[in-house]
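# Sequence and predicted structure below; questions after.
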Amino acid sequence: MKIAVTILALLLAGNTLAETPEPITAGDAFLHHYDSDKDGKISLEEFQAPAARQFEQMDADADGSISAEEATAFVEKLRSEMQETGKSQ
């Protein structure tokens, strides 16, 4: 799931960046998504931050772990949001 959300975020970032006249590389999109301090490098903390935010969103009861029910609810919510914005296939 983490990989799917990261890939989706990179694709969305790529679409946003693609509006510029210069071609955008995958590396540029990756930096755009992860390099929060804009120093041109991605630290381990920057790389792990999106996963930590996603974990917090999925851990509905804030007990420090994600149950199968919480994971299912998160995926269903994500799927519903994607359908609402017309991005679901």
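Noted; the coordinates are in hand. No experiment lies behind these values; they were computed from the predicted model shown.

# which residue lies farthest from the center of the chain?
Going by Cα atoms, centre = their mean, the residue of the chain most distant from its centre is Pro21, 24.8 Å out.

# and it, what element?
Secondary structure assignment for Pro21, by DSSP states H and E: no helix or strand.

# tell me, how many neighbours does the residue nearest to Phe55 when sequence neighbours are not counted end up with?
Nearest residue to Phe55, sequence neighbours excluded (Cβ to Cβ, 6 or more residues apart in numbering): Ile66, at 6.8 Å. (Each C-beta comes from the backbone N, C-alpha and C, glycine too.) Using other Cβ atoms under 10 Å, the number of residues around Ile66 comes to 17.

# Repeat that for Gly27.
When neighbours are counted by other Cβ under 10 Å, Gly27 registers 8.

# And for Ile42?
Neighbours of Ile42 (other Cβ under 10 Å): 15.

# Quick check: phi and psi at it.
phi -110, psi 120 (degrees, to the nearest 10).

# From what I see, it and His32 are in contact.
No: under the criterion of Cβ atoms under 8 Å, Ile42 makes no contact with His32, lying 10.6 Å away.
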